[in-house]
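S.K.: need a 3D model of the following:
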Amino acid sequence: QVQLVESGGGLVQTGGSLRLSCVAAGRILSSYAMGWFRQAPGKEREFVGAISRGGGNIQYADSVKGRFAISRDSAGRTVYLQMNSLKPEDTAVYYCAADARLDDRVEVTTATYDFWGQGTQVTVSS
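M.R.: Predicted structure coming up:
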């Protein structure tokens with residue numbers, strides 16, 4: 001079992017930035033493909049972005065391309081989601097997820113991911 005913990009959420013004004021972090025106690029996250037998803041009230045959970053196990057494949061939702069960036073730290077223990085130029089429509093609970101696949105692909109569907117964090121709230125005020 002992999003227990004993921006997100007942090008870094010909060011309240012920010014339109015145009016501001018936040019950096020979310022995702023860690024797993026006692027685990028090296030470089031062994032997993034990692035995804036970020038978000039869920040706004042009354043909406044389904046949606047894909048934000050993902051980074052492959054080897055880091056060579058990164059994919060983003062069209063709605064965040066050019067504004068958000070996913071990265072891993074050199075120790076392989078933390079995955080980040082840097083969010084810039086935030087908009088009110090980015091308001092949601094953000095989740096990180098781990099996919100135990102062995103290849104260097106990423107997936108955009110929630111069903112693919114094996115482990116999930118509890119989420120961190122991001123609120124963007126207009």
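S.K.: residue ranges for the strands of the protein, please.
M.R.: Assignment of strands within the chain using DSSP state E yields the ranges 4-7, 10-13, 18-24, 33-39, 46-51, 58-60, 68-72, 78-83, 92-99, 115-116, 120-125.
S.K.: quick one: buried residues of the fifth one?
M.R.: What it means is strand 46-51. Using 16 or more other C-beta atoms under 10 Å as the test for burial, strand 46-51 gives 47-51. Bear in mind the C-beta positions are built from the backbone N, C-alpha and C, glycine included.
S.K.: so who does I28 touch?
M.R.: For I28, the contacting residues are 75-77, by C-beta atoms under 8 Å, 6 or more residues apart in numbering.
S.K.: point to the residue nearest the middle of this protein.
M.R.: Nearest to the mean C-alpha position of the chain, by C-alpha atoms, centre = their mean, lies W36 at 2.3 Å.
S.K.: grab the nearest non-local neighbour of A92.
M.R.: R38 (3.8 Å; C-beta to C-beta, 6 or more residues apart in numbering).
S.K.: ok, C22 next?
M.R.: Counting by C-beta to C-beta, 6+ apart, the residue nearest C22 is C96, at 3.4 Å.
S.K.: was I right to think the one you found contacts A33?
M.R.: No. Counting by C-beta atoms under 8 Å, C96 does not reach A33; the two are 11.4 Å apart.
S.K.: number of nearby residues for the residue lying closest to A40 once chain neighbours are set aside?
M.R.: Excluding the flanking residues, the one nearest A40 by C-beta to C-beta, 6+ apart is A92, at 4.3 Å. Per other C-beta atoms under 10 Å, the neighbour tally for A92 reads 22.
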